[in-house]
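**Q** From the sequence below, what's the structure:
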Amino acid sequence: MPRLSWILRERWQKMPRMSWTIRNSDTISTAGNSDTISTAGNSDTISTAGNSDTISTAGNSDTISTAGNSDTISTAGNSDTISTTGNSDTVSTAGNSDTISTAGNSDTISTAGSSDTISTAGNSDTISTAGNSDTISTAGNSDTISTAGNSDTISTAGSSDTISTAGNSDTIITAGNSDTISTAGNSDTISTAGNSDTISTAGNSDTISTAGNSDTISTAGNSDTIRTAGNSDTISTAGSSDTISSSDTISTAGNSDTISTASNSDTISTAGNSDTISTAGNSDTISTTGNSDTVSTAGNSDTFSTTGNSDTVSTAGNSDTFSTAGSSDTISTAGNSDTISTAGNSDTISTAGNSDTISTAGNSDTISTAGNSDTISTAGNSDTIRTAGNSDTISTAGNSDTISTAGSSDTISTAGSSDTISTAGSSDTISTAGNSDTISTAGNSDTISTAGNSNTISTAGNSDTISAAGNSDTISTAGSSDTISTAGNSDTISTAGSSDTISTAGNSDTISTAGNSDTISTAGSSDTISTAGNSDTISTAGNSDTISTAGNPDTISTAGNSDTISTAGNSDTISAAGNSDTISAAGNSDTISAAGNSDTISAAGNSDTISAAGNSDTISAAGNSDTISAAGSSDTISAAGNSDTISTAGSSDTISTAGNSDTISTAGNSDTISTAGNSDTISTAGNSDTISTAGNSDTISTAGNSDTISTAENSDTISTAGNSDTI
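**A** Down below sits the predicted model:
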């Protein structure tokens, strides 16, 4: 027996240590290695100092502390407290409300219960939890944390940690650099303070805030909120209704995202619809491909490019650059030197700054500017352009554009047809190349030139210059000292001011003036000219022109044939150089000179002076004290007034007078003179004249031969110097 007892005791001493108890509140402490401890009771206290110990507990509220390395701890109860200071420990818990703290490196911790609290101080720890409402805090580097439950709280202070969560409403806080965070649940909250963190989320309604630099954030869910305070961050989202406030590189693919940045040189790209982007820094780059996006910037030198429709862009800075490819976009700028180019249709552009450049390629765009020295060019149709500043430059290539300007010294050029242009300022320059344009100006010293046909031009200011090269243009001016020149045919010109200058080169133009001292010159044929003012000057070079004047001291000169001239005022001066002209004057003291043949001249006033140099002219005078001189042959002269003076130099003239005290002198041959009044004086120098008088006290003297004189009344005096006269 003593021998057996010694053998058993020796074997016992060589066996591994193990403790097992089913009692409560046991206290177990070991100092050796590779101990195995298992307890089933509650409130046990276990402490080990060796390595590779294995501890398992089944009760609640146990307290386990280990100081060695490579220990394995597993608990099944609730409210256990575990603390390890060694390295490479493995801790697994199945209960709830456990508290785990480790100080070593490369520990592995896994929990299955809820409301656990885990804190680690070492590096390269691996933590995985499956329960809800766990609290995890790490101080070391290169830790790996994965959670599957909801409402977990994770905070790390080290760098290069890897965190992945699958539950909802988790809270993640990191202070180190180069952390990697990925979440799959909803309503997670992530905040980082370090640099170069990588964050990816797949759930909805996550909140991400970063304070470091060079972070990378990618989200796939909806309604996420992202805020960054550092520089050089990269944000990409794939979900909708995200809210992003950052100063970095942001790309979104979802709809209804909200992005706000405060720093400079940000890059923002969105692919979804109804996104809202606001930036406060300078030199930002924003590109969107979705529809109904809203972009507002406050900085300078921002660059925008959009390809969607119905986007809204507003900027307050200077030197911004916009390019849009979609339709129905709205762009408003408040800064200076902005550059805007659009390719879509139905865009709305409004600018308040100076020296902006706007170019559009689509149709039905609306552009309004309030600044000065803006440059606007459009290529589409049915655009509407309104400017309020000075020295703007507007050029359009499409049709049916509407342009209205309120400033001065604007330059407008259009290449399309059916454009409508209205200006209110002074010294504007307008040039059009299309047809059927409508141009109206209200200022002074405007310059208008048109190359197309059927344009309508109306001006209200003074000293405007209008030149039209097309046909069938309509020009009306209300100011004074305007200059109008046309090169086409069938133009209609009406002026209401004074001292206007009108020159036309085409045919069948219609000119009407209401002011005084207008100057009208035409080079074409079949023009119609009517004036109502005084002291107008009219000169025509074409044929078959029709001229009518109502004012006084007008001056009319024509060089063509078959012109028709009628005047109603007094003291008009008419000179016609062509043939077959028709001249009628109703006023007094008119001066009419005709150099062509077959002219028809009728004067109804008194004291008119008529001189005709051609042949076969027909002259009729109804007033008194008219002076008529004819140098051609075969002229027909009839005078109905008194005290007329008629002299002819040609042959075969026919002269008839009905008034009294007329004076008739002829130098040609074969003239026929008949008078019906009294006290007429007739003298002839030619041969074969025929003179017949019906009045009393006529005086007839002839110097030629073979004259025939017949008188019907009393007290006539006849003297003849020639031969073979018949009296």
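**Q** got any ranges where the stretch 1-150 of the chain has weak pLDDT?
**A** Scanning the stretch 1-150 of the chain for pLDDT under 70 picks out the ranges 1-23.
**Q** The chain now?
**A** Per-residue confidence for the chain (pLDDT under 70) gives these ranges: 1-23, 246-248.
**Q** In it, what residue spans correspond to helices?
**A** Assigned by DSSP state H, the chain shows helices spanning 2-14.
**Q** what about the residue nearest to the spatial centre of the chain, distance to Thr375?
**A** Central residue of the chain (C-alpha atoms, centre = their mean): Ile367, 3.0 Å from the mean position. Using C-beta to C-beta, to the nearest Å, Ile367 is found at 11 Å from Thr375. The C-beta positions use only the backbone N, C-alpha and C, and glycine is treated the same way.
**Q** Just give the number of residues close to the nearest residue to Gly641 once chain neighbours are set aside.
**A** Distances taken as C-beta to C-beta, 6 or more residues apart in numbering place Asn624 nearest to Gly641, at 3.9 Å, with adjacent residues excluded. If you count neighbours by other C-beta atoms under 10 Å, Asn624 ends up with 20.
**Q** got it, and Ile727?
**A** Neighbour count for Ile727, taken as other C-beta under 10 Å: 12.
**Q** what's the nearest residue to it if we skip its chain neighbours?
**A** Nearest residue to Ile727 in three dimensions, chain neighbours excluded: Ile709, at 4.6 Å (C-beta to C-beta, 6+ apart).
**Q** Can you tell me who the one you found pairs with across the strands?
**A** Residues in a beta bridge with Ile709, per DSSP bridges, are Ile691.
**Q** Just to check, it is in contact with Asp725?
**A** Yes: with contact defined as C-beta atoms under 8 Å, Ile709 reaches Asp725; the gap is 6.7 Å.
**Q** so what sits against both of these two?
**A** Common contact partners of Ile709 and Asp725 (C-beta atoms under 8 Å, 6 or more residues apart in numbering): Thr702.
**Q** Could you report the distance from Asn615 to Ala630?
**A** Asn615 is 9 Å from Ala630, where distance means C-beta to C-beta.
**Q** Name the residue in the two with the higher neighbour count.
**A** Comparing Asn615 with Ala630 by other C-beta under 10 Å, the one with more neighbours is Ala630, at 28 against 20.
**Q** residues touching the more buried one, list them.
**A** Neighbour list for Ala630: 611-613, 617, 619, 637, 646-650, 653 [criterion: C-beta under 8 Å, 6+ apart].
**Q** can we see that at 10 Å?
**A** Shown in contact with Ala630 (C-beta atoms under 10 Å, 6 or more residues apart in numbering): 594, 601, 610-615, 617, 619, 636-637, 646-650, 653, 655, 666, 668.
**Q** Distance-wise, check it relative to Ala613.
**A** Ala630 sits 8 Å away from Ala613, going by C-beta to C-beta.
**Q** shared neighbours of these two, anything?
**A** By C-beta under 10 Å, 6+ apart, the residues touching both Ala630 and Ala613 are 594, 649-650.
**Q** Which of the residues you listed are buried, as a ChimeraX select command?
**A** Restricted to buried positions by 16 or more other C-beta atoms under 10 Å, the ChimeraX selection for the shared contacts of Ala630 and Ala613 reads:
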select :594,649,650
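**Q** Now, the shared contacts of Ala630 and Ala613 that are in strands?
**A** When DSSP state E is applied, the shared contacts of Ala630 and Ala613 are split such that Ala594 fall in strands.
**Q** Thr567 touches Ala585, doesn't it?
**A** Yes: with contact defined as C-beta atoms under 10 Å, Thr567 counts as touching Ala585 (4.7 Å).
**Q** list residues touching both of the two?
**A** Counting by C-beta under 10 Å, 6+ apart, the common neighbours of Thr567 and Ala585 are 549, 556, 574, 592, 603-605.
**Q** wait, which of those residues is closest to Thr243?
**A** Nearest to Thr243 among these, counting by C-beta to C-beta, is Thr549 at 77.4 Å.
**Q** just checking, the closest one touches Gly569?
**A** Yes: shown here, Thr549 and Gly569 form a contact pair, counting by C-beta under 10 Å, at 6.1 Å.
**Q** between the two, who's got more neighbours?
**A** Thr549 (29 against 24).
**Q** Quick check: the gap between that one and Ser508.
**A** 20 Å.
**Q** Could you tell me how many residues sit around the closest residue to Gly212 other than its chain neighbours?
**A** Spatial nearest neighbour of Gly212, excluding adjacent residues (C-beta to C-beta, 6+ apart): Asn195 at 4.0 Å. Asn195 has 20 neighbouring residues, counting by other C-beta under 10 Å.
**Q** What are the neighbouring residues in contact with Asn195?
**A** Asn195 makes contact with 159, 176-179, 210-215, 230-233, according to C-beta under 10 Å, 6+ apart.
**Q** gap between it and Ala568?
**A** 94 Å.
**Q** cool, and Asp206?
**A** The value you get for Asp206 to Ala568, if C-beta to C-beta is used, is 90 Å.
**Q** Which of the two has more residues huddled nearby?
**A** Shown here are Asp206 and Ala568; by other C-beta under 10 Å, Asp206 has more neighbours (29 against 19).
**Q** So that one sits against Asn186, correct?
**A** Yes: shown here, Asp206 and Asn186 form a contact pair, counting by C-beta under 10 Å, at 7.2 Å.
**Q** which residues are common contacts for those two?
**A** 168-170, 221-224.
**Q** and the residues you listed, which two are the farthest apart?
**A** Asp170 and Asn222 (17.2 Å).
**Q** Between these two, point out the one with more neighbours.
**A** More crowded of Asp170 and Asn222, by other C-beta under 10 Å: Asp170, with 29 against 20.
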